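A.B. asks: Quick check, what structure comes out for this input:
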Amino acid sequence: MTIFKKTLSLFIISILVLSNIFFVDANYNDISRYRDITREEAFIFIWQRLLQDIPPSYKYIELNYKDVNKNTKIYDSFQRLVYFDIIKNINTNIWLDKTLNAYIFYKLSSHILDRDLINEFSLKNLKSRNSNIWDLLLIEEFLKKENNLLIDDIRYEKEILWLLTREDKTRFEIFLDVYRTILSSHYDRADFNRDDMINAAINWMLESINDPYTTYFPPREASDFIESFSWEFEWIWAYVEMETPWDFRIISPLSDSPAFRAWLRWWDLIIEVDWFEITKDISLKEAVSRVRWPAWTTVNLKIKRWDEIFSVDVIRAKVSIKDVEYKELENWFFLIQIKMFWDNVFSQFKEALEALNKSNSKKVIFDLRNNPGWYLESVVDMLSLFIEEGKPLALVNYLNWQVYYNSKWYDLIDLSNYEIYVLQNSWSASASEIMIWALRDYYDITSIWEKTFWKWSVQTLREYITWSTLKYTVARWYTWLTKTKVDVVWIEADVEIELTKEDIKNNIDTQLDYILKNY
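C.D. replies: Model (predicted):
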C-alpha cells in the first residue's frame, strides 16, 4: 500500500465512524464501563439473531446441562446450538448468570455466520475482556449491512463510495483533491508532515460537531489518555487526565486530600509544576512524575481556572483513601461518603449500609461532593441494595438501542425508615447524578450545597492500527421516571450553602454543619 493510502486510511476510518459503520477488529472498551452481558443474554441474542432458519427437529434434542431449565428461551437457544454442533451437549453447568468472554462470543458468532470476525489486532483485546452490550450492537450492525463488514484497507477504498451519500462523495472527493494538490503542488510541500495534516483534518471535523467529550488522540496522546485512567497524584491525591497536549487537568480532588485542602478544583488546568512549564511535548507520565515526591514536601502548581491564573503550594501527604467511608454523628445522623464509583465501591457501600442498619441512627447523609462518578454498573448495584426489584433506575439511549437499568433487589435495608439528606456540588457528576436522581424518584430527600455537574453522555473508545484512538459519544442517559435528559438540566440543590476558601483552610465543613444543626 502506498504512503498516501496509509495516511488516508485514518481519515476514511473517521468518516466511517461518523457514518455509523462499525469494525469488530477495534478495541471497544467503554470508558464509562458498558454493562457486561451474562451468558444467558449472549446465548438468547445468538438464538434470536443468528439461529432462526433451522428445521423443527432440533426441539427433540434432550439437553444434558445441569442449570438450563426446559420450556425457556435459553433451553431453546442451546438446543439450536447443539443441533448445529456449535457446542457440545455434555453434563455440566453453563453458569448462565456469569459473564461470557468476548473472544468466545465472537468465535461463536463467526462460526454461525461463516465469517471470521476476529483478526490479529483484536485477538488480545477480546481474550482479555467480557462480552458487553456494545458487542451485540456490532453484530446487529453487521447483519444490517448484509455482511458488508470492512476487513482491510483495500476494501475500505472499494466500499467508501458505496457507503457515502451523493453529497458525501462530492465532499470526500474535494478533500482528496485538496490533500493531493497540497502534497504535489504547494511550494513548501517538502516541509509538510502528512500525519499532522490528517490529524488536523480529523480534529477540525470533530470540533465542528460541538461535543466536548468526542476527541481524537494521535498515538502518543492516546497512550497517555488510556494510562490516565489508572494514574492518580500519589501524594496530593487528585485524579488527573491529559486528553490533548498541554491539557494537564485535574478531574477531581479527593475529599479531605492535600489537593482539596489547597482549594484545587474539578477541571483546574495545571500549566506549571514547580515552575516547569507543561507544553505539548510533555507526556502525562512526565507531568505526574514531577508532582510525585515524598510526603510532607511541597509542590508549587500554577493553575489556570477559567480566566484566572494563580499559584498554589500543596503539601504532599501519604494518605490511605477508600471509595466509601462512614461514621455515626450527633443528633441521630449517620454519614456515608462516596468518593468514586470504582470496582470496589459496591462492597464498601454494602458494609456502610450494614453498619447503618445496626446503628441507632434515624437520619442518613449521602455525601457525593467531588465525586465524578465512573461506573454505571456500580451505582446500579448500590441502588439495588435498597430499591425494590425491577424498579427502573436509569435509561440509556443509544443510536438504535435502548438499555434499561432496573434494580436487582438485594433487599439489604429499608431506607424509608430514615430521613435522607444528600450533599452535592458542581463536581458531583455522572454516576453520582444517577444516584441522586434515583433517590429523588423513590424517597423524600433533601439535597444541600449547589447544582451538579450535568454530565450524562456515554463515551466509548475506538483504537486504530496506528495506535491512535477516537473517544466519542454513543449514548445519552435519562432519568427513568421523568425521562429527563440531564445533559441540559442540572440537579438543583434544595438548600444552597456557600463553602468559602477560608472554610476549607480552617477545615470547616459548612454544608455538613448546616444539616447537623438544622435537621
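
A.B. asks: residues contacting Val379?
C.D. replies: With contact set as CB atoms under 8 Å, 6 or more residues apart in numbering, Val379 has these partners: Phe341, Gly373, Ala431, Ser432, Ile434, Met435. In this view, the C-beta of every residue, glycine as well, is placed from N, C-alpha and C.

A.B. asks: can you check Trp401 too?
C.D. replies: Shown in contact with Trp401 (CB under 8 Å, 6+ apart): Ile133, Leu136, Leu137, Glu140.

A.B. asks: Can you tell me which of the residues you listed are buried?
C.D. replies: Ile133, Leu136, Leu137 (16 or more other CB atoms under 10 Å).

A.B. asks: Output those as a markdown table; include the columns distance to Tyr103, pLDDT and secondary structure.
C.D. replies: As requested, these are exported to a markdown table (distance: CB to CB, whole Å; pLDDT from 0 to 100; DSSP: H, G, I helix; E, B strand; the rest coil):
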| residue | distance to Tyr103 | pLDDT | secondary structure |
| --- | --- | --- | --- |
| Ile133 | 17 | 79 | helix |
| Leu136 | 15 | 79 | helix |
| Leu137 | 18 | 76 | helix |
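
A.B. asks: Which one of the residues you listed is nearest to Asp268?
C.D. replies: Asp268 has its nearest neighbour among these in Ile133, at 34.0 Å by CB to CB.

A.B. asks: contacting residues around the closest one?
C.D. replies: Shown in contact with Ile133 (CB under 8 Å, 6+ apart): Tyr34, Arg35, Ile37, Trp401, Val403.

A.B. asks: neighbour-wise, which of those leads?
C.D. replies: Neighbour counts for the contacts of Ile133 (other CB atoms under 10 Å) peak at Tyr34, which has 25 neighbours.

A.B. asks: As TSV, the contacts of Trp401 with distance to Tyr213 would be great.
C.D. replies: Converted to TSV, the contacts of Trp401 look like this (distance: CB to CB, whole Å):
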residue	distance to Tyr213
Ile133	19
Leu136	23
Leu137	19
Glu140	24
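
A.B. asks: and Gly373, backbone torsions?
C.D. replies: phi 90, psi -130 (degrees, to the nearest 10).

A.B. asks: which regions of the stretch 301-450 of the chain lie under the pLDDT threshold?
C.D. replies: For the stretch 301-450 of the chain, applying pLDDT under 70 flags the ranges 319-321.

A.B. asks: All the helices of it, residue numbers only.
C.D. replies: Using DSSP state H, counting those that start in this stretch, the helices of the stretch 301-450 of the chain run over 345-358, 376-383, 431-442.

A.B. asks: gap between Glu502 and Tyr103?
C.D. replies: 56 Å (CB to CB, to the nearest Å).

A.B. asks: of those two, who's got more company?
C.D. replies: Neighbours were counted for Glu502 and for Tyr103 using other CB under 10 Å; Tyr103 has more, 19 against 9.

A.B. asks: what about the residue nearest to the more buried one when sequence neighbours are not counted, distance to Phe105?
C.D. replies: Spatial nearest neighbour of Tyr103, excluding adjacent residues (CB to CB, 6 or more residues apart in numbering): Leu126 at 4.1 Å. As for Leu126, its distance to Phe105 is 8 Å (criterion: CB to CB).

A.B. asks: And Val299, by the same measure?
C.D. replies: The gap separating Val299 from Phe105 is 46 Å, by CB to CB.

A.B. asks: more neighbours, those two?
C.D. replies: Neighbours per residue, other CB under 10 Å: of Val299 and Phe105, the larger number sits with Phe105, 25 against 20.

A.B. asks: Run through the neighbouring helices and strands of the strand or helix carrying the more buried one.
C.D. replies: Per DSSP states H and E, Phe105 falls inside helix 102-113. If you count contacts as 3 or more CB pairs under 8 Å, 6 or more residues apart in numbering; DSSP states H and E, helix 102-113 packs onto helix 39-50, helix 120-127, helix 133-144.

A.B. asks: Just the buried positions in it, please.
C.D. replies: Ala102, Tyr103, Phe105, Tyr106, Lys107, Leu108, Ser109, His111, Ile112, Leu113.

A.B. asks: relative orientation of it and helix 39-50 in degrees?
C.D. replies: Angle, helix 102-113 to helix 39-50, by axes from the mean of the first three to the mean of the last three CA atoms, to 10 degrees: 20 degrees.

A.B. asks: Mind checking the pLDDT average for helix 102-113?
C.D. replies: On average, the pLDDT along helix 102-113 is 78.

A.B. asks: For it, what is the distance to the chain centroid?
C.D. replies: 25 Å (CA atoms, centre = their mean, to the nearest Å).

A.B. asks: now do stretch 507-519
C.D. replies: 33 Å.

A.B. asks: ok, residues contacting it?
C.D. replies: By CB under 8 Å, 6+ apart, stretch 507-519 touches 261, 329-331, 333, 335, 363, 365, 367, 369, 419, 421, 423, 446, 448-449, 495, 497-500, 502-503.

A.B. asks: returning to what we had before: show me which of the buried residues of helix 102-113 is closest to Trp477.
C.D. replies: Relative to Trp477, the closest of those is Ala102; by CB to CB it sits at 23.7 Å.

A.B. asks: wait, what's in contact with that closest one?
C.D. replies: Counting by CB under 8 Å, 6+ apart, Ala102 has contacts Asn125, Leu126, Lys127, Arg129, Asn130, Ser131, Asn132, Asp135.

A.B. asks: cool, and Lys350?
C.D. replies: Counting by CB under 8 Å, 6+ apart, Lys350 has contacts Met382, Leu385, Tyr410, Leu412.

A.B. asks: Can you tell me how far the third one is from Glu388?
C.D. replies: Shown here: Tyr410 relative to Glu388, a distance of 11 Å by CB to CB.

A.B. asks: Please say which of these two ends up with more neighbours.
C.D. replies: Neighbours were counted for Tyr410 and for Glu388 using other CB under 10 Å; Tyr410 has more, 17 against 11.

A.B. asks: Now do the contacts for the more buried one.
C.D. replies: Lys350, Asp381, Ser384, Leu385.

A.B. asks: can you count the residues close to the residue nearest to Ile445 when sequence neighbours are not counted?
C.D. replies: Distances taken as CB to CB, 6+ apart place Ile420 nearest to Ile445, at 4.4 Å, with adjacent residues excluded. A total of 17 residues lie near Ile420 under the criterion other CB under 10 Å.

A.B. asks: before we move on, which element is the residue lying farthest from the centre of the chain in?
C.D. replies: Distance to the chain centre peaks in the chain at Tyr187, reaching 45.4 Å (criterion: CA atoms, centre = their mean). Assigned by DSSP H and E, Tyr187 belongs to no helix or strand.

A.B. asks: Quick one: residues contacting the residue nearest to Tyr103.
C.D. replies: Shown in contact with Leu126 (CB under 8 Å, 6+ apart): Asn101, Ala102, Tyr103, Tyr106, Ile118.

A.B. asks: Turn these into JSON lines, including distance to Trp237.
C.D. replies: JSON lines is the format used below for these (distance: CB to CB, whole Å):
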{"residue": "Asn101", "distance to Trp237": "35"}
{"residue": "Ala102", "distance to Trp237": "34"}
{"residue": "Tyr103", "distance to Trp237": "37"}
{"residue": "Tyr106", "distance to Trp237": "40"}
{"residue": "Ile118", "distance to Trp237": "41"}
